[in-house]
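Visitor: need a structure here:
(2 chains)
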Amino acid sequence: MCESNVYLNKAGQEELLMEKVDRIIPAEDGSIFLENVFGERRVIKARIIEMELVRHRIVMEETSDAAVAQKRQEIWLEPATDHGHFHAGEEVILRVHKGYNMKPGDHKPKTDLQAFGVSEGMSRPLTLQEHHGNLELNLGQEADGLLHIYVREDGDHQLYGVIVMEIGHHHHHGLKPLGLPLEIVPADYSHARMGDSYEIRVLADGKTLAGIRVSATYAGTHNREYPHHLKTDEEGRAKIFLTARGNYLFSVTKDNITSTFTLVKSF
Amino acid sequence: MCKNMPPLELAIQFHGHICPGLLMGIRVAEFALKELGISPDVDEELVTVVETNSCGVDAIQAILGCTFGKGNLIYKDYGKNVYTVASRDKGRALRIAQKFGGNRGPESQRFRELAQKGNLTADEAAEKENLTGILFERLMSAPFEDLFEWREIDFVFPEKAKIHATIQCAGCGEGVMDIRAVDTARGLICPTCLEEKGGQ
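Guide: Just a heads-up that it's a prediction; the model follows:
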């Protein structure tokens, strides 16, 4: 089989979804990435119900938003500024979100969520507080430098959300990984801008994870699903070309852990 | 604003959104800066002649500083994606023309269809967003010679913009540039009054 037509089964009727598909990547979140020989791409929330290889025919059935949302939740952090960084002396406030694809869902983060700030290799616990219905981290005034902050929600499925915040300007140096069980780390921290190629690494307990799928999304996406899917190379690295304004969110799931990394952009 | 904004961001801020046409203009502006060894215009050191009034011209204005207001952006309504960037200081001019088919393909075609359609469905909006990403990466990463051809040309620089006196229109009483006022039986009147009421 070289390529196949993909059909959607809708109440017993088959509708052609995409012709001459030569690449299908199912994701753990219940979505399926499709690409055809013409270079067209789609991501749908569906499951494969039949593959007739001789007849080049694949039949799928859509799964509901609710089913997918139930399947995977993420937590992530976002700064309470759209300026891209905080200035020295300014109150550093971060918001904690729970949902999927950068869209907060109905589930609130658990109250026993833990938060930590890491700076210059020193880790300290941070206090979470409710503010106008949002869960926030108010770090107060911070000195010039890079702050590595993460939150952790324990449960059957463990969730991590990591962010790197810049206080002041010009902190173009590498970051040490936090050493989490599953972690996305920027390969080389510097100001990321739209139009840049941006590289991340995926680590598990500090060791590189090769061949794992990383999803990427951005604040203004109209997509209900993650618009980008990357795969790490042998060194656990993956690249994305930043084509949208605003912050990006990277997400990776392995076993019973989902870990996100928020890339803060000033534009 | 904390830092100097990169050209790409300047253009997007100025234009208001990202689209393939703007990206092509960004490529032209950045190429002209490099190829001519120039900086963005401050006070009419540069002149750009554009042969289109499409999105790419906004990138020229935002990045090169050749603007409608300064008078160093000259528009010729030829419907061609051709840009001539000239530097008074260098005495050089570069004519940059988009190659026919340089921005074509199924994605570009589909993007245009969606861009022209009003009230997109959620799926169409998502599709347009995906296409923007695909075209963005392609247009910003493609070798310049795949998209454009260019050559140096002899260029007759126009005079720098002049500041003219403002006189009062004998018709409506509003101020009008003296060289635009028309001498009529009613006195000097502005083009608006001339158009609406003739010389009477």
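Visitor: Next, see if the helix or strand harbouring B:Leu135 gets close to chain A.
Guide: Assessed by DSSP states H and E, B:Leu135 sits inside helix B:122-141. Yes - remark: helix B:122-141 sits within contact range of chain A at B:122, B:125-126, B:128-130, B:132-134, B:136-137, B:140-141, by Cβ under 8 Å from any Cβ of the partner chain. Quick note: C-beta positions are derived from backbone N, CA and C, even for glycine.
Visitor: contacting residues for residue 49?
Guide: No chain in the question, so chain A it is. By Cβ atoms under 8 Å, 6 or more residues apart in numbering or on different chains, A:Ile49 lies in contact with A:Asn9, A:Val59, A:Met60, A:Glu61.
Visitor: hmm, I had chain B in mind actually
Guide: B:Ile74, B:Tyr75, B:Lys76, B:Tyr83, B:Thr84, B:Ala86.
Visitor: B:Asp154 too?
Guide: B:Ala93.
Visitor: Three-state assignment for it, please.
Guide: coil (DSSP: H, G, I helix; E, B strand; the rest coil).
Visitor: Just read off the phi/psi values of it.
Guide: The phi/psi pair for B:Asp154 (degrees, to the nearest 10) reads phi -70, psi 140.
Visitor: quick one: it from chain A, how far?
Guide: The gap separating B:Asp154 from chain A is 34 Å, by Cβ to the nearest Cβ, to the nearest Å.
Visitor: ok so, going back, ok, and for the helix holding B:Leu135, which residues are buried?
Guide: Within helix B:122-141, the residues scored as buried using 16 or more other Cβ atoms under 10 Å in any protein chain shown are B:126-140.
Visitor: Alongside chain B, which residues does chain A contribute?
Guide: So chain A meets chain B at A:38-41, A:83-85, A:169, A:191, A:193-195, A:221-224, A:227-228, A:241, A:243-245, A:266-267 (Cβ under 8 Å from any Cβ).
Visitor: how's chain A carved up into domains?
Guide: Following the assignment in automatic domain parsing, chain A carries domains at A:4-69, A:73-263.
Visitor: Tell me who's in contact with the residue nearest in space to the middle of chain B.
Guide: The residue lying closest to the centre of chain B (Cα atoms, centre = their mean) is B:Val57, at 2.2 Å. With contact set as Cβ under 8 Å, 6+ apart, B:Val57 has these partners: B:Gly25, B:Val50, B:Leu73, B:Tyr75.
Visitor: quick revisit: and the contacts of B:Val49, which is closest to B:Ile63?
Guide: Among the contacts of B:Val49, B:Tyr83 lies closest to B:Ile63 (Cβ to Cβ), at 11.5 Å.
Visitor: just checking, that closest one is part of a helix?
Guide: No - counting by three-state DSSP, B:Tyr83 is not found in a helix; it is strand.
Visitor: Could you single out the nearest of the buried residues of helix B:122-141 to A:Leu180?
Guide: Comparing those against A:Leu180 with Cβ to Cβ places B:Gly133 closest, at 29.2 Å.
Visitor: tell me the secondary structure for the nearest residue to that closest one once chain neighbours are set aside?
Guide: Spatial nearest neighbour of B:Gly133, chain neighbours left out: A:Thr243 (4.1 Å); criterion: Cβ to Cβ, 6 or more residues apart in numbering or on different chains. Three-state call for A:Thr243 (three-state DSSP): coil.
Visitor: burial measure for A:Thr243, as a count.
Guide: A:Thr243 has 21 neighbouring residues, counting by other Cβ atoms under 10 Å in any protein chain shown.
Visitor: ok, it touching B:Asn130?
Guide: No - counting by Cβ atoms under 8 Å, B:Asn130 is not a contact partner of A:Thr243; they are 9.7 Å apart.
Visitor: Identify the residues contacting residue 26.
Guide: All of this refers to chain A. Counted by Cβ under 8 Å, 6+ apart, A:Pro26 has contacts A:Ile32, A:Phe33, A:Ile48.
Visitor: right idea, wrong chain: chain B
Guide: Going by Cβ under 8 Å, 6+ apart, B:Ile26 touches B:Pro7, B:Leu8, B:Ala11, B:Gly56, B:Ala59, B:Ile63, B:Met140.
Visitor: How about the secondary structure of it?
Guide: Quick answer, by three-state DSSP: B:Ile26 is helix.
Visitor: and if you look at B:Gln13?
Guide: Following three-state DSSP, the label given to B:Gln13 is helix.
Visitor: any idea how far it lies from A:Leu17?
Guide: When distance is defined by Cβ to Cβ, to the nearest Å, B:Gln13 is 38 Å away from A:Leu17.
Visitor: do A:Leu135 as well
Guide: Distance, A:Leu135 to A:Leu17, using Cβ to Cβ: 39 Å.
Visitor: Also B:Gly56?
Guide: Separation of B:Gly56 from A:Leu17 (Cβ to Cβ) stands at 35 Å.
Visitor: between the two, who's got more neighbours?
Guide: The neighbour count for B:Gly56 versus A:Leu17, taken as other Cβ under 10 Å, is higher for B:Gly56 (26 against 19).
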